[in-house]
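Trainee: based on what follows, work out the 3D shape:
(2 chains)
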Protein chains: 2
Amino acid sequence: MPQFDENGLIPAIAQDASTGQVLMVAYMNRRALDATIKSGYATYFSRSRQKLWKKGEESGHRQKVQQILVDCDQDCLILKVTIDAGQCHVGYQSCFYRALKRKSDKELELVAKKVYDPAKTYKK
Amino acid sequence: MPQFDENGLIPAIAQDASTGQVLMVAYMNRRALDATIKSGYATYFSRSRQKLWKKGEESGHRQKVQQILVDCDQDCLILKVTIDAGQCHVGYQSCFYRALKRKSDKELELVAKKVYDPAKTYKK
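Mentor: Numbers count the residues shown, from 1 in each chain, chains lettered A, B, ... in the order given. Sure thing, here's the model as predicted:
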């Protein structure tokens, strides 16, 4: 069974079920995991907002969960998901749109292109 | 630049650069990241042993780092790695060798086969 940490959280990696691309990493508490299993769509716990966060509730960019993998010591999850839109809130398919420049831990380079315009998606 | 948490750690996902399979998730402190960049091979910080852990130092199952990706809020890394042996200490290619059974958070099912015999690899 998934092991939640001292804050009641477990990290969850969302991975595109068809391409294998890692889309994002977020955290779940027990209620978020229950909601994910029950609804079939990824629900996380927002550490900054301290509340459940149904991925895509504002943007519409949801994650339909196909499978939930558990690692050997059961303190991390992978959600294999199907998606139909970019997943990062700044407009990229994946939150991992930058890489460390070779042999540097201080300089980043862009390795992806935006797939949607967040200004149009997140209307206040 | 990577943001280390209040314990000085950042989670790092090791992903097979050729297949996209997520192999394991571990943590790095500043010294582990520096050692990884300098050596070109994944080095983590073992939370249980509270020391640097050069992946494969005992098993020989190392991870040659091709690229290090950083996520949007810079609090998680992906190491794109090349490998030539199973990466989980219990004999599987990936630590994520089990899945939650459908609609359950209490039952796991095996979704992979062992690729090496840890009893032969980890000789005391």
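Trainee: where are the low-confidence patches of chain A?
Mentor: Counting by pLDDT under 70, chain A has low-confidence residues at A:124.
Trainee: one more time with 90, if that's ok
Mentor: A:1, A:102-106, A:122-124 (pLDDT under 90).
Trainee: just the helices from it, written as ranges.
Mentor: For chain A, the helices defined by DSSP state H occupy A:30-39, A:118-121.
Trainee: the first one close to chain B?
Mentor: Yes: using Cβ under 8 Å from any Cβ of the partner chain, a contact is recorded between helix A:30-39 and chain B, made by A:L33, A:D34, A:I37, A:K38. (C-beta placed from N, C-alpha, C; glycine too.)
Trainee: contact residues of chain A facing chain B?
Mentor: Contact residues, chain A versus chain B (Cβ under 8 Å from any Cβ): A:1-2, A:11, A:13, A:15, A:19-22, A:24-25, A:33-34, A:37-38, A:67-73, A:76, A:78, A:88-90, A:92, A:95-100, A:103-106, A:108, A:111.
Trainee: before we move on, the earlier item: out of the helices of chain A, nearest to B:A119?
Mentor: Nearest of those to B:A119, taken as Cβ to Cβ: helix A:30-39 at 33.8 Å.
Trainee: please state the offset of that closest one from the chain centre?
Mentor: Centroid displacement of helix A:30-39 relative to its chain, using Cα atoms, centre = their mean, to the nearest Å, is 15 Å.
Trainee: identify the residue nearest the residue positioned nearest the centre of chain A in space, chain neighbours excluded?
Mentor: Residue closest to the average C-alpha location in chain A (Cα atoms, centre = their mean): A:M24, at 3.5 Å. The shortest distance from A:M24 to any residue other than its chain neighbours is 4.4 Å, reached at A:C95 (Cβ to Cβ, 6 or more residues apart in numbering or on different chains).
Trainee: so who does the one you found touch?
Mentor: With contact taken as Cβ atoms under 8 Å, 6 or more residues apart in numbering or on different chains, A:C95 is in contact with A:L23, A:M24, A:V25, A:Q87, A:C88, B:D71, B:C72, B:D73, B:C76.
Trainee: got it, and A:S46?
Mentor: A:A26, A:L52, A:W53.
Trainee: out of those residues, grab the one that's most surrounded.
Mentor: Neighbour tally across the contacts of A:S46 (other Cβ atoms under 10 Å in any protein chain shown): the maximum, 22 neighbours, falls on A:A26.
Trainee: point me to the residue of chain A nearest chain B.
Mentor: Of all residues in chain A, A:G20 sits closest to chain B, at 2.7 Å by Cβ to the nearest Cβ.
Trainee: what's around that residue, how many residues?
Mentor: The local packing of A:G20 (other Cβ under 10 Å) involves 14 other residues.
Trainee: my read is that it contacts B:S18, right?
Mentor: No: A:G20 is beyond contact range of B:S18, at 10.4 Å (criterion: Cβ atoms under 8 Å).
Trainee: ok so, going back, any of the residues of chain A next to chain B buried? List them.
Mentor: Burial by neighbour count, 16 or more other Cβ atoms under 10 Å in any protein chain shown: within those this picks out A:2, A:11, A:13, A:15, A:21-22, A:24-25, A:33, A:37, A:68-72, A:76, A:78, A:88-89, A:92, A:95-100, A:105, A:108.
Trainee: go through those residues and flag which are in strands.
Mentor: A:11, A:13, A:15, A:22, A:24-25, A:68-70, A:78, A:98-100, A:108 (DSSP state E).
Trainee: who's A:M24 bridged to?
Mentor: A:A14 (DSSP bridges).
Trainee: was I right about it contacting A:V90?
Mentor: No: applying Cβ under 8 Å as the test, A:M24 and A:V90 come out as separate, 11.5 Å apart.
Trainee: pull up the overlap in contacts between those two.
Mentor: Common neighbours of A:M24 and A:V90 (Cβ under 8 Å, 6+ apart) do not exist.
Trainee: now do stretch A:81-89: distance from first to last residue.
Mentor: Criterion Cα to Cα, to the nearest Å; first-to-last residue distance in stretch A:81-89 is 17 Å.
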